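Undergrad: fold the following and give me the result.
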Amino acid sequence: MELRHYTELTLEVRRDLLAVYVDVRAPLLHLANYRVEAFAERLDRHAGEPGFEVVLGYDRGEAIGYAYVNALSPDDRWWKRMAEPLPAGFTALSTVALKEIGVRAPWRGTGVARRIHDALLAHRTEERVTLLVNPLAGDGKVQALYESWGYVSINAQQPAPESPRLIAMVRANG
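TA: Next up is the predicted model:
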């Protein structure tokens with residue numbers, strides 16, 4: 001597998017990322033929050049935010065997986081959408097948010113997701129990383145996978161009215 005890092009969302013990167021997204025999320029594309037157009041709008045917005053970076057994985061030239069992040073500021077809306085108040089000073093630590101990760105079915109369970117994840121975070125200087133996970137995804141297996149990577153649940157949020165309630169997780173970066 002070849003891993004490619006990008007800090008800009010070029011047309012080629014956007015095309016490859018959306019192709020993987022459509023494949024990965026196919027069973028959910030009928031839901032408003034998972035529609036390709038809704039994801040593309042989020043992706044375009046995230047690409048313009050501080051600290052944007054994406055890693056795409058390729059197997060023999062075919063895009064097979066991706067992950068992307070943004071840096072969070074202490075007053076970022078990410079923190080403001082939490083269901084419960086966060087402890088005083090919690091947002092003061094430098095944090096990067098893993099906004100999205102996906103791997104096409106034939107490559108799942110092979111370690112591709114972890115390799116993409118780790119490559120994306122390897123040179124980031126933030127002290128910790130946070131993500132949101134649907135606790136129902138894979139009947140809880142996705143959240144369990146993140147827990148095996150060192151993430152712990154800290155809160156919950158519902159980023160948009162049409163989105164499911166998601167579990168906020170965090171871990172040290174490094």
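
Undergrad: quick one: the spatially most central residue of the chain from residue 132, how far?
TA: In the chain, the C-alpha nearest the mean C-alpha coordinate belongs to residue 100, at 2.3 Å (Cα atoms, centre = their mean). Per Cβ to Cβ, to the nearest Å, residue 100 is found 10 Å from residue 132. Bear in mind the C-beta positions are built from the backbone N, C-alpha and C, glycine included.

Undergrad: repeat that for residue 3.
TA: Residue 3 is 23 Å from residue 132, by Cβ to Cβ.

Undergrad: between those two, which one's more packed in?
TA: residue 132 (22 against 15; other Cβ atoms under 10 Å).

Undergrad: so where's the longest strand in this structure?
TA: strand 62-72 (DSSP state E).

Undergrad: just say helix, strand or coil for residue 85.
TA: Three-state call for residue 85 (DSSP: H, G, I helix; E, B strand; the rest coil): coil.

Undergrad: quick one: neighbours of it, just the number.
TA: Using other Cβ under 10 Å: residue 85 sits among 8 other residues.

Undergrad: what segments of this structure are helices?
TA: For the chain, the helices defined by DSSP state H occupy 11-24, 36-47, 77-80, 112-121, 141-148.
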